[in-house]
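**Q** Here you go, sequence then predicted model.
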Amino acid sequence: MKEFTIEEIAKATGGEILKGRKDDRVRGFSIDSREVKPGQMFFAIKGENNDGHDYITQTMSKGCSSIVISDEKRAEELKDDDVNVILVKNTTKALQDLSKYYLNLLPLKKKIGVTGSVGKTSTRDMMYYVASTKYKTGRNKKNYNNAHGLPLSILDFDEDTEIAVLEMGMDAPGEIELLTEIVRPDIAIITKIAEVNIAMMKNLDNILKAKMEITSFFDENSVLAVNSSCPYLTPEKVSGRYRLVTVGETEKEDYRVTDICDFGDKGIKYTLSRNHKQYDIELSTAGAHNAFNASLAIAVGELIGVSPEEAAEGLKRAELTGKRLRICEKNGIKVIDDTYNACEDSVKSAIDTLAAAEGSRKIAILGDILGLANRAEACHSSVGRYAAQKNIDLLVAVGDDARYYAEGAKESMEESRVMFFAEKDDFLKVKNSIIRAGDVILVKASRGMEMEKIVNEILEG
């Protein structure tokens, strides 16, 4: 992590130093008054619900004496002579401009952008471990993939970073283009197009268009790598004035994935074919869908000089961020915690992992998939039918739209194996009469359902 002078930050952000000493230095940046540390600089971000300017006094009480503001009147409230204050027009843009400035200072060999409806964080993590076999590599902190998180992640990179692997998320059109303008990736990965945030985006064509913003600043030397087994990521839909690398299941793909063996919570094994050579790839990461995510990382690894053999070794060390098919075990009960997010495809993939796991009973506890609008009934019902098809022992549906899981499952599954609860607490009151030692339990839903509460309660007994 680089130390910045106040003068350097002011120049990079187009700001004016209202108070303080231009030669003073800061190390680290924050937009959260609860997490700011001594020696860091606080950017007072104006959000929809909160204004960072209201928390300046709180940040200073924690030893933070350098502030970036956009409200000049707030500077008058800062009587402390030891405070450094930079005034900018927009604190969010200033943070982004500073990260862009720093990214351009780094001795980077390649910048890799990663996006997709599902699998982008897992693929980003896998790409990080592949690149790290040969280079000093930086990636997003945690799930920091938006207009504030991505810049903060960049500013946290070490000064000798050679490869940047940066995930880009979106809630609306134009957001990925903004992040892409900061990063200007040489290589981009798109994992999959699925019905995530469909209420906002209306249809999959619009989602594809938004994800393709990652190529906005591409030229003929740039590369786009895609999971072309996704019908929205075929060459016909995503080709452009750049090189296209495809990963899929057929012989026409540049990298072909075959013979996937799903060992449930113990990981997967598959064959990757490239230029008439075959590689046996083993992952401790659960989920058959991760064969494609890993292969995207291997494909891009070759573009930066990491051989498939070296990449495979890096993938063996991969640890995924957050609650993505995380395996927890206590008191003889195994929990597959996949509570980070959900769409129809990812829930079905998680059910596959559950079905392949070892346990006396396979129990799926599924909460609502949010943001589906008028697709809610159809999507949840389809997942319910899929759970029945995979012969899950017990389906527990939790939430308003989760009733459709239950209805779909009951079309071909005994009613005694399907349970519905409108609220998490309703299930938690009776969980001890349902769950027993030897069970393997999948817990999955959209992030807004906060289903980690169920995971924690199960593990605590």
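**A** Structure's in. What do you need? Computed from a predicted structure; not experimentally measured.
**Q** And A131, how far from P308?
**A** Distance, A131 to P308, using C-beta to C-beta, to the nearest Å: 14 Å. Heads up, the C-betas are built off the backbone N, CA and C, glycines and all.
**Q** Would you mind telling me which of these two has more residues around it?
**A** For the pair A131 and P308, the greater number of neighbours falls to A131 (28 against 21), based on other C-beta atoms under 10 Å.
**Q** from memory the more buried one sits against T161, does it?
**A** No: when contacts are counted by C-beta atoms under 8 Å, A131 is not listed as touching T161 (10.4 Å).
**Q** thinking again about what came up before, got any residues that touch both of A131 and P308?
**A** Shared contacts of A131 and P308 (C-beta atoms under 8 Å, 6 or more residues apart in numbering): G301.
**Q** Leaving out the residues flanking it, which one is nearest to the residue nearest the centre of the chain?
**A** In the chain, the residue lying closest to the centroid (C-alpha atoms, centre = their mean) is T121, at 3.2 Å. Nearest in space to T121, with sequence neighbours left out and distances taken as C-beta to C-beta, 6 or more residues apart in numbering, is T321 at 5.5 Å.
**Q** Helix, strand or coil: sort out that neighbour for me.
**A** Using DSSP: H, G, I helix; E, B strand; the rest coil as the criterion, the local structure at T321 reads coil.
**Q** going forward can the numbers begin at 2, since that is how I track them
**A** Fine by me, first position is 2 from now on; the one you just mentioned is T322.
**Q** how many other residues sit next to it?
**A** Burial of T322 is recorded as 19 neighbouring residues (other C-beta under 10 Å).
**Q** where in the protein is pLDDT low?
**A** Under the criterion pLDDT under 70, the flagged ranges of the chain are 80-82, 324, 462.
**Q** got the buried residues for stretch 52-62?
**A** Neighbour counts over stretch 52-62 (16 or more other C-beta atoms under 10 Å) mark G53, H54, Y56, I57, T60, M61 as buried.
**Q** got a list of contacts for that stretch?
**A** Outside of stretch 52-62, the residues within contact range by C-beta under 8 Å, 6+ apart are 31-32, 34, 37, 43-47, 68, 70-72, 75, 78-79, 81, 84, 92.
**Q** Show me which of the buried residues of stretch 52-62 is closest to F293.
**A** Nearest to F293, judged by C-beta to C-beta, of these is G53 at 39.8 Å.
**Q** Run through the neighbouring helices and strands of the helix or strand hosting T181.
**A** T181 is part of helix 176-184, with elements assigned from DSSP states H and E. Contact partners of helix 176-184 among helices and strands, from 3 or more C-beta pairs under 8 Å, 6 or more residues apart in numbering; DSSP states H and E: helix 92-106, strand 111-116, helix 150-156, strand 164-168, helix 205-212.
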